[in-house]
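In: My questions concern the predicted model and sequence given below.
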Amino acid sequence: MLAFLRYAAGDVLLILLGLFLMFSIPLIIGGVVFFVLRRNRKNRAAWQEISRQLDLPMKNPNQLQMAGLYNDCEVKLSVGARRSGGENSSTEFFTYCTVRFPHSLRFLLNIAAPKGLFSKIFDSNRMILGQSGFDQRFNAKCYDQEVLRRLLLSDFPSDATQNLMGDLMMSSDLIDVIEISDEKVYLETGGQVADFERLKKMLDTTTYLAKRFYSARQSFPLAEWERQTLRDWRSLADEQNLRVDERNFELSGTYGSFPVRVRLLTDRGKWQTGIELKFTDSLMTGLRIMPENSIHKAFTWLGAQDIEAGDKAFDDAFIVKAKNVAVARSFLTPDFCRQMVGLKSQTSGISVTDEEMVLTFDTVLGDRRTLKSHLEALASTARMLRR
């Protein structure tokens, strides 16, 4: 009888435990969901008020993102999320601010101050400048170590520091993650920040660094290879009635009746030359022509469909999409297809839209004849799209 009662009591406990878990788990999950939704509502309300105070628009009031002009810089301030790896993966929220430079800095620059344990893991190709505090905190790379040293240690004084290294050291005391490339300044801190002073500090620090680095680039002396490239560009400009912006390293004007622009760029540690041609009038077809690859295969546009030209070499090399399929298909003449395949074989990137054609080369195009031949080929191809 006692054994029966012991077993019965044990069964009752298991049943009670099961009932407890049955009711408590949904309550816990509901509580977590309620807490997250409540926090998100509070954060949205806080961001909307901060947006008003800073006069920095939130295009979507339900999305934690502001973008616009702040401290004479085009900024983006937002909350992002990423999944942490491992078996116990979770979602990590972070707040970031970024400013893009008006023109590339042209240093093949990559300066990064990561956070936490990762701050001790450095790229084996990073450059050591002999400044222990900086070298321990930052990964830094440039196309030339002496150029990097001169950039960071030259006297570019401000009210706060004497040089850019001082700016970076000062900023790293305030911000978790700092990344500076030739194209932009990016700052990040953990969590969904909804405090006015912290967000303003992020904005102030990001724009301060962006203006300091861009100002330093403007007054930084040109290297010999840059001066030679500009001499070649000036030669072409004089011949074709184009303009050379020596400070920002751009060649622009009208070539073959089309507005064109040539720029020196950098991407993932590589020099690039970009050539852009604008159509005088939009093609108005929703056209997209881009090289065939796995990424573009997966990419879709609303209301667009794949278009084939019937030219195997072209169809194998490119993906074509458009909203006005009939008009877009009429552009894909045999001559146009051959020209596009030929351009693709010479470039690292090519694209065509209703508004422009863009060629990208993984090199510095300084030779006048070579650059002129690419401009002529681009203008010749563009003329095939005019009706």
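Out: Cool, got the structure.
In: pLDDT of the host helix or strand of residue 378, averaged?
Out: Using DSSP states H and E, residue 378 sits in helix 368-383. Mean pLDDT, helix 368-383: 95.
In: buried set for it?
Out: 368, 370-371, 374-375, 377-379, 381-382 (16 or more other Cβ atoms under 10 Å). C-beta here means a position set from N, CA and C on the backbone, and glycine is covered the same way.
In: For this structure, just list every one of the helices.
Out: With helices called from DSSP state H, the chain shows them at 2-54, 132-137, 145-153, 164-172, 196-219, 224-240, 294-298, 312-317, 325-331, 334-346, 368-383.
In: okay, the angle between the fourth one and helix 196-219?
Out: For helix 164-172 against helix 196-219, the angle between stretch directions is 170 degrees (axes from the mean of the first three to the mean of the last three Cα atoms, to 10 degrees).
In: Give me the angle between helix 164-172 and helix 145-153.
Out: Interaxial angle of helix 164-172 relative to helix 145-153 (the same axes, to 10 degrees): 60 degrees.
In: Alpha carbons of helix 164-172, as CSV, please.
Out: The C-alpha trace of helix 164-172 is given here as CSV (Å, rounded to 0.1, in the frame of the first residue of the first chain):
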residue,chain,number,x,y,z
LEU,A,164,44.6,61.9,-37.5
MET,A,165,46.1,59.2,-35.3
GLY,A,166,45.1,61.3,-32.3
ASP,A,167,41.6,61.6,-33.7
LEU,A,168,41.4,57.8,-34.0
MET,A,169,42.7,57.2,-30.5
MET,A,170,40.4,59.7,-29.0
SER,A,171,37.4,58.2,-30.9
SER,A,172,38.2,54.6,-30.0
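In: just checking, what packs against that helix?
Out: With contacts taken as 3 or more Cβ pairs under 8 Å, 6 or more residues apart in numbering; DSSP states H and E, helix 164-172 sits against strand 110-113, helix 132-137, helix 145-153, strand 177-181, helix 196-219.
In: Worst mean pLDDT among the ones you listed?
Out: Sorting these by mean pLDDT places helix 132-137 lowest, at a mean of 91.
In: next one: that helix to chain centre, how far?
Out: How far helix 132-137 lies from its chain's middle: 27 Å, per Cα atoms, centre = their mean, to the nearest Å.
In: try stretch 268-277
Out: With Cα atoms, centre = their mean, you get 15 Å for stretch 268-277.
In: What are the buried residues along that stretch?
Out: 271-277.
In: Average pLDDT for that stretch, rounded please.
Out: What stretch 268-277 shows for mean pLDDT is 93.
In: Stretch 341-352 too?
Out: Stretch 341-352 comes out at a mean pLDDT of 94.
In: pull the CA atoms of the helix holding residue 378 into CSV?
Out: Provided in CSV are the C-alpha atoms of helix 368-383 (Å, rounded to 0.1, in the frame of the first residue of the first chain):
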residue,chain,number,x,y,z
ARG,A,368,45.9,58.4,-73.0
ARG,A,369,45.4,56.1,-76.0
THR,A,370,44.0,53.3,-73.9
LEU,A,371,41.6,55.5,-72.1
LYS,A,372,40.5,57.1,-75.4
SER,A,373,39.8,53.7,-77.0
HIS,A,374,37.6,52.7,-74.0
LEU,A,375,35.7,56.0,-74.2
GLU,A,376,35.2,55.5,-77.9
ALA,A,377,34.0,51.9,-77.5
LEU,A,378,31.6,53.0,-74.8
ALA,A,379,30.1,55.9,-76.8
SER,A,380,29.8,53.6,-79.9
THR,A,381,27.8,51.1,-77.9
ALA,A,382,25.6,53.8,-76.4
ARG,A,383,24.8,55.1,-79.8
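In: From the rest of the structure, what touches that helix?
Out: With Cβ atoms under 8 Å, 6 or more residues apart in numbering as the test, helix 368-383 has contacts from 232-233, 235-236, 239-240, 251, 255-258, 260, 262, 275, 277, 279, 336, 339-340, 342-343, 346, 357, 359, 361, 365.
In: re earlier: can you tell me which of the buried residues of stretch 268-277 is closest to residue 109?
Out: Nearest to residue 109 out of the buried residues of stretch 268-277 is residue 271 (Cβ to Cβ; 12.3 Å).
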